[in-house]
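>>> Requesting a structural model of the entry that follows:
(4 chains)
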There are 2 protein chains.
Amino acid sequence: MYAPSEAARRSGFSLDTLRYYEKIGLLGAVDRTPGGQRVFTDDDLGWLVLFRCLRDTGMPIAEMRRYAELAREGEHTSADRRALLERHAARVEEQMRLLERQYDHLREKIRFYERLA
Amino acid sequence: MYAPSEAARRSGFSLDTLRYYEKIGLLGAVDRTPGGQRVFTDDDLGWLVLFRCLRDTGMPIAEMRRYAELAREGEHTSADRRALLERHAARVEEQMRLLERQYDHLREKIRFYERLA
DNA sequence: CTTCAGCCTGGAGTGCGCTCCAGGTCAAGC
DNA sequence: GCTTGACCTGGAGCGCACTCCAGGCTGAAG
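Numbers count the residues shown, from 1 in each chain, chains lettered A, B, ... in the order given. Okay, here's the model as predicted:
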């Protein structure tokens, strides 16, 4: 059980972002105190860690939401979820290759300045 | 000498983006025909290749513009330009490490589904 | 000389992912 | 019981990087 600020700290998302993620249905309905304040569970935190992974690797929010909806539909969507993640992983591999290629290009440019000095 | 559409094709930027880059001062003033249509030089293309590299590695436009302005100021800014590129390269290295870490995490998640099948 | 695809301009609009705000409520510590 | 910092809501606003549009001009091919 985590207070909102604690969940924010642990997940690395801002409080506003956590509320936003709930509002758009990325996070399922978060538990509340009788007074209406959010209480995050370990399960919620697990989702947030996953969202951080997907977001850091460039998955658009719409697709994360799709994944979350599939998960909420139950066990029978696991093949779809797996396929979704595998398509994403393939895109990430491509992205890593591009990044490395452009990094080399950048290093080459820097060497130009080194020779100049 | 390249027509706008040819410059777009070769650089991978859209025509609108090329005009936008000129408008905001990322690209210096591009040559024109007597009638006012753009004519891109090999030098322009060189800049576009660099912008693609920097953009693909996540440099914000404001910083690319800073680099371009330094270059237009002349030789004496080369140390600044080099420093700018080196700071950027360091950020790219960090980005590559993060991407790889999160990719591993993603693969781990996929293995979970593989074991499920 | 005509045609018509390609190009021009200034400015408005888009999509994404937050981020901020006003005006109030909640709850832990004294 | 009171204080005060954390939290609530709905909705507006923002920053980035384009992207699109209307209405008009250009220039190579036939």
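
>>> any idea what the residue in chain A positioned nearest to DNA strand C is structurally, helix, strand or coil?
Closest residue of chain A to DNA strand C, C-beta to the nearest atom of the strand: A:G35 (2.4 Å). Using the backbone N, CA and C atoms, a C-beta is placed for each residue, glycine as well. Under DSSP: H, G, I helix; E, B strand; the rest coil, A:G35 falls in the coil class.

>>> Counting neighbours, what do you get for it?
5 (other C-beta atoms under 10 Å in any protein chain shown).

>>> do the same with A:R10
Neighbour tally, A:R10, other C-beta under 10 Å: 13.

>>> Which residue comes closest to it once chain neighbours are left out?
A:L45 (6.1 Å; C-beta to C-beta, 6 or more residues apart in numbering or on different chains).

>>> Repeat that for A:A7.
Closest to A:A7 by C-beta to C-beta, 6+ apart is A:F40, at 3.9 Å.

>>> any idea how far A:L99 is from DNA strand D?
With distances taken as C-beta to the nearest atom of the strand, to the nearest Å, A:L99 is found 16 Å from DNA strand D.

>>> Would you list the phi and psi of the residue of chain A closest to DNA strand C?
Here is the backbone geometry of A:G35 (degrees, to the nearest 10): phi -80, psi -10.

>>> what sits up against stretch A:82-95?
A:54, A:57-59, A:63, A:66-67, A:70, B:99, B:102-103, B:106-107, B:109-110, B:113-114, B:116-117 (C-beta atoms under 8 Å, 6 or more residues apart in numbering or on different chains).

>>> pLDDT on the lengthiest helix in chain A, on average?
Longest helix of chain A, by residue count under DSSP state H: helix A:78-116. Average pLDDT, helix A:78-116: 98.

>>> and the residue nearest to A:A7, how many neighbours does it have?
23.

>>> Show me the beta-bridge partners of it.
A:Y2 (DSSP bridges).

>>> May I have stretch A:53-65 exported as CSV, CA atoms only?
Extracted in CSV, the C-alpha atoms of stretch A:53-65 (Å, rounded to 0.1, in the frame of the first residue of the first chain):
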residue,chain,number,x,y,z
CYS,A,53,9.7,0.0,-19.7
LEU,A,54,7.3,0.3,-22.6
ARG,A,55,7.4,4.1,-22.6
ASP,A,56,11.2,4.2,-22.4
THR,A,57,11.3,2.0,-25.4
GLY,A,58,9.0,4.3,-27.3
MET,A,59,5.6,2.5,-27.2
PRO,A,60,2.8,5.0,-27.7
ILE,A,61,0.3,5.3,-24.9
ALA,A,62,-2.6,4.0,-27.1
GLU,A,63,-0.7,0.7,-27.5
MET,A,64,0.1,0.4,-23.8
ARG,A,65,-3.6,0.9,-23.2
